[in-house]
Every structure is written in structure tokens, then in C-alpha cells.
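> build the 3D model from these lines:
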Amino acid sequence: MFQGRVWVLGWLMLLWACAAPSSSANPSSDSSLLGLLPGPEAIQGWAQAGSPQTAEGQDLFSLIDGGAELFLRFGFERAVAQEYAGGKGGAMRLEIYRMQDQAGARAVYAQKIGQDAAPLRIGVAGVQGDYYLIFWQDRYFVTITALDQESATTKALLPLGRAVEKRLGAPRR
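So this is what the prediction gives:
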């Protein structure tokens, strides 16, 4: 009789472990966003620096300093951010925001493009300024920011953007 109770208790614990929520509400979403981050093969001389950061829902406030309200207003779901370091001391930050739909990504893009930005053929629509590149594709809004003023860093913005664009797949216009 004791063995039967242990067996039942074991099954109950297994069922509970399978049904219990994990620390991430949707781990497959984390992995799919992390899969959009280009590795060192994407841009010669550049590699990921540190661990990626992720955010979901209201956690966005801890990922970006200011501006989270804009993303939340237009249907923000998840984000991933990763810094990249160049061999000559350069640094840039990639942020990928997944919105609920294309309309949300397009709306954030429209709010974020600057007056000094030059149109760029990347994603559905993109622009590049002196120290940044932004574009949207499908339901994703992407921004890459140079963290220094070195010309090697600003020249690396576009190759990093192209690597992300390729990972997102063909743009749906």
C-alpha cells in the first residue's frame, strides 16, 4: 500500500511540474527572438558582448530608459537587446521589438524616424542617421545604435541591420 501511494505521489509531482509555469511566460518566444541575434559570422570583426537582455510586457521599462509607453501603446509583446563589440574598441547596441502586428511595428517606426535620417532600403522601410539605423519588417521594429563615434562602428550598422533583416525573412509589404 505504501508503494502505491509513492507511485501516485510521483505521478502527481510529475504532472504538477509539467503544468507549472516556467520563469518565462513563453520560452519558445524567447528562443525565437534570441535566434534573430546575429553571431560573429555576420559582421567580420564584431561579436556579441555580454548576454542578451529580454523583456515582455511591462518589463520593457527596465530594458529601455524612456519611451516604453510608445511601444506598449502600439501592441508591444517582447524585445531582445544585445551589445556588440568591435576589435578596435567600437560598440553598438541592437534592439529587436516584436509587436502584435505589422501596424504596430509601422506605427512605432513612424514615431521614431528622425528628421536627419536618410531613407534606406532595408526591411519594409528603414532610415539611417549619423549614429543609428532603424527599420521595420513584418511585426518587428529594429534599432541599432552606435555607442561611440568611430567610423568603423557607424560603418558596421548596415551590415548588422542586413544580418537581422535576413534572419527575419523576406519583408511582407
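> what sits against the residue most central in space within the chain?
Residue closest to the average C-alpha location in the chain (CA atoms, centre = their mean): residue 96, at 2.6 Å. Residues in contact with residue 96 (CB atoms under 8 Å, 6 or more residues apart in numbering) are 33, 36, 37, 79, 80, 81, 140, 141, 142, 164. Bear in mind the C-beta positions are built from the backbone N, C-alpha and C, glycine included.
> which pLDDT value goes with the second one?
Translated: residue 36. With respect to pLDDT, residue 36 has a value of 96.
> the residue nearest to the centre of the chain pairs with what?
For residue 96, the beta-bridge partners under DSSP bridges are residue 80, residue 142.
> pLDDT below threshold where in the protein?
The chain contains residues with pLDDT under 70 at 1-31, 171-173.
> try it again with 80
1-31, 65, 114-116, 170-173 (pLDDT under 80).
> all strands of it, in order?
46-56, 76-86, 91-99, 118-120, 125-128, 132-137, 140-146 (DSSP state E).
> could you dump the ones you listed into JSON lines with distance to residue 62 added?
Formatted as JSON lines, these follow (distance: least, CB to CB, whole Å):
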{"stretch": "strand 46-56", "distance to residue 62": "7"}
{"stretch": "strand 76-86", "distance to residue 62": "11"}
{"stretch": "strand 91-99", "distance to residue 62": "13"}
{"stretch": "strand 118-120", "distance to residue 62": "30"}
{"stretch": "strand 125-128", "distance to residue 62": "27"}
{"stretch": "strand 132-137", "distance to residue 62": "21"}
{"stretch": "strand 140-146", "distance to residue 62": "17"}
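> counting neighbours, what do you get for residue 150?
16 (other CB atoms under 10 Å).
> that one against residue 87, yeah?
No: checked against CB atoms under 8 Å, the pair residue 150 and residue 87 is beyond contact range at 11.4 Å.
> off-centre distance for stretch 61-73?
Averaging C-alpha positions (CA atoms, centre = their mean, to the nearest Å) puts stretch 61-73 14 Å from its chain's average.
> typo on my end, it should be stretch 161-168
Distance, centroid of stretch 161-168 to centroid of chain: 12 Å (CA atoms, centre = their mean).
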